[in-house]
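[1] please find the sequence and the predicted model below.
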Amino acid sequence: MIDLHTKTNQLNKELYKNFIFYIPSYLMLEMYNINQLSNEQYEMFEPYLDKVSYTDDNDWQIHKTVPFNKDYLLEKTYRLRSNILSIFELKESLKPETFQYIFEKYHEQISVHKTITALLVEHYDSNCPEKSEDLKNLFLSQQNILATHYNEIEKHFKIKPNTEKFNSQELIEKLKNLNTPITSNKKYLRDYILHPNKIEIERIILNLYSERNGTSIRYLIECMEEIKLITLEHGKRKLIHEAMQNSFNGQLPSYKAVFGYTIDKIQNTDYKNVKLELNKSLNQYI
């Protein structure tokens, strides 16, 4: 008796193995800001942001430093051809409805990977953190391998996937939108943070202060200036507030609620507590 769960996982794993990729930090932060990515998910991706990384053939081992060898792509080609043979075997041994289900799931995975490999090539010049002719050729080869596999699957298996369950074109459009560099004139808090780790600093601040009142936000802003993360000189208060409003998805208290009064940094215990909390939270980044 075939273990269908194991067999399906084996087929899908071959798509993920020997896969080279990069993840732009702005993309992850945008997804985090609009609640499409949890804090735990962001932290999982964080080590690989703005780096060229790859998975090897050992079940999800991701590398950031060891160079990706073009021979890995040759191995991937052989494995995907073996997948086709395995699917033929499943078609012969399974009931039509069972095979249809497995085929749809696999076809969906191929569609996703085919789309991603195309986007990695399309946005290489603007988003890839490393540039070389050899590296670009690796991404082009990877795109060709997945596109070829997709076409071979379509050719050999006449059963078409249920488009009501999965719309690959819709997925393509969504991913393209996500991978389009931001061209808006909108400014975010990170745009005013004067530190190399501004992406991580903004994320922590958003996580800590998403539900604070105007007074707490004022303390936060003053603390950020005191530890030299931002500057409020030359009329920047309004700009900082607008940028934070964008980062907080419009949930920040009004400008008046934040800056409509004076504070005593020396005597105010709440201010000191906010400063202590901020320094502790950002300790690993500043």
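    All right, it came through fine.
[2] does Lys91 touch Phe99 like I think?
    Yes. Counting by Cβ atoms under 8 Å, Phe99 is a contact partner of Lys91 at 5.2 Å. Using the backbone N, CA and C atoms, a C-beta is placed for each residue, glycine as well.
[3] all helices for this protein, in order.
    Using DSSP state H, the helices of the chain run over residues 4-16, 25-33, 39-45, 70-93, 96-122, 124-127, 133-156, 168-179, 198-209, 214-226, 236-247, 255-259, 269-281.
[4] which helices and strands sit right next to the shortest one?
    Meaning helix 124-127. Helix 124-127 sits against no helix or strand, with contacts defined as 3 or more Cβ pairs under 8 Å, 6 or more residues apart in numbering; DSSP states H and E.
[5] put the alpha carbons of it into PDB.
    Extracted C-alpha coordinates of helix 124-127, given in PDB (Å, rounded to 0.1, in the frame of the first residue of the first chain):
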ATOM      1  CA  TYR A 124      17.300  40.800 -10.000                       C
ATOM      2  CA  ASP A 125      18.700  44.200 -11.100                       C
ATOM      3  CA  SER A 126      16.600  46.200  -8.600                       C
ATOM      4  CA  ASN A 127      16.400  43.900  -5.600                       C
END
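[6] for the record, mean pLDDT for that helix?
    The average of the pLDDT scores along helix 124-127 is 88.
[7] mind listing what's buried along that helix?
    By neighbour count on 16 or more other Cβ atoms under 10 Å, the buried set for helix 124-127 is Tyr124, Asn127.
[8] chain center to that helix, what's the gap?
    15 Å (Cα atoms, centre = their mean, to the nearest Å).
[9] how about the first one?
    Relative to the chain's own centre, helix 4-16 is displaced by 23 Å; criterion: Cα atoms, centre = their mean.
[10] and the contacts of it?
    Helix 4-16 is contacted by residues 55, 59-60, 76, 79-80, 82-83, 86-87, 90, 94, 98, 102, 105-106, 109-110, 113, 146 when judged by Cβ atoms under 8 Å, 6 or more residues apart in numbering.
[11] closest one to Lys187 among the helices of the chain?
    Among the helices of the chain, the nearest to Lys187 by Cβ to Cβ is helix 236-247 (4.4 Å).
[12] what is that closest one packed up against?
    So helix 236-247, by 3+ Cβ pairs under 8 Å, 6+ apart, packs with helix 214-226, helix 255-259.
[13] deepest of the ones you listed, which one?
    By mean neighbour count, with neighbours taken as mean count of other Cβ atoms under 10 Å, helix 214-226 ranks first of the helices and strands packed on helix 236-247 at a mean of 20.
[14] which residues sit against that helix?
    Helix 214-226 is touched from outside by 193, 205, 209, 212, 230-232, 237, 240, 244, 252-254, 257-261, 263, 265, 268, 270-271, 274-275, 278, with contacts defined as Cβ under 8 Å, 6+ apart.
[15] show me which of those are buried.
    Counted by 16+ other Cβ under 10 Å, the contacts of helix 214-226 give 193, 205, 209, 212, 230, 240, 244, 252-253, 258-259, 271, 274-275, 278 as buried.
[16] mean pLDDT lowest for which of the helices of the chain?
    Ranked on mean pLDDT, the bottom entry among those is helix 168-179, at a mean of 50.
[17] now the buried members of the contacts of helix 4-16.
    Burial by neighbour count, judged by 16+ other Cβ under 10 Å, picks out 55, 76, 79-80, 83, 87, 90, 94, 102, 106, 109-110, 113, 146 from these.
[18] looking at those, spot the one nearest Ile199.
    For these, the nearest to Ile199 is Thr55 (23.6 Å; Cβ to Cβ).
[19] who's in contact with the residue lying closest to the closest one once chain neighbours are set aside?
    Leaving aside its sequence neighbours, Thr55 sits nearest to Phe19 (Cβ to Cβ, 6 or more residues apart in numbering; 4.8 Å). Neighbouring residues of Phe19 by Cβ under 8 Å, 6+ apart: Tyr54, Thr55, Lys76, His113, Gln142.
[20] at 10 Å instead, please
    Going by Cβ atoms under 10 Å, 6 or more residues apart in numbering, Phe19 touches 53-56, 62, 68, 72-73, 76, 113, 116-117, 120, 142, 146.
[21] give the buried subset of the residues you listed as a PyMOL selection command.
    To isolate the buried ones among the contacts of Phe19 in PyMOL, judged by 16+ other Cβ under 10 Å, type:
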select buried, resi 53+54+55+56+68+72+73+76+113+116+117+120+142+146
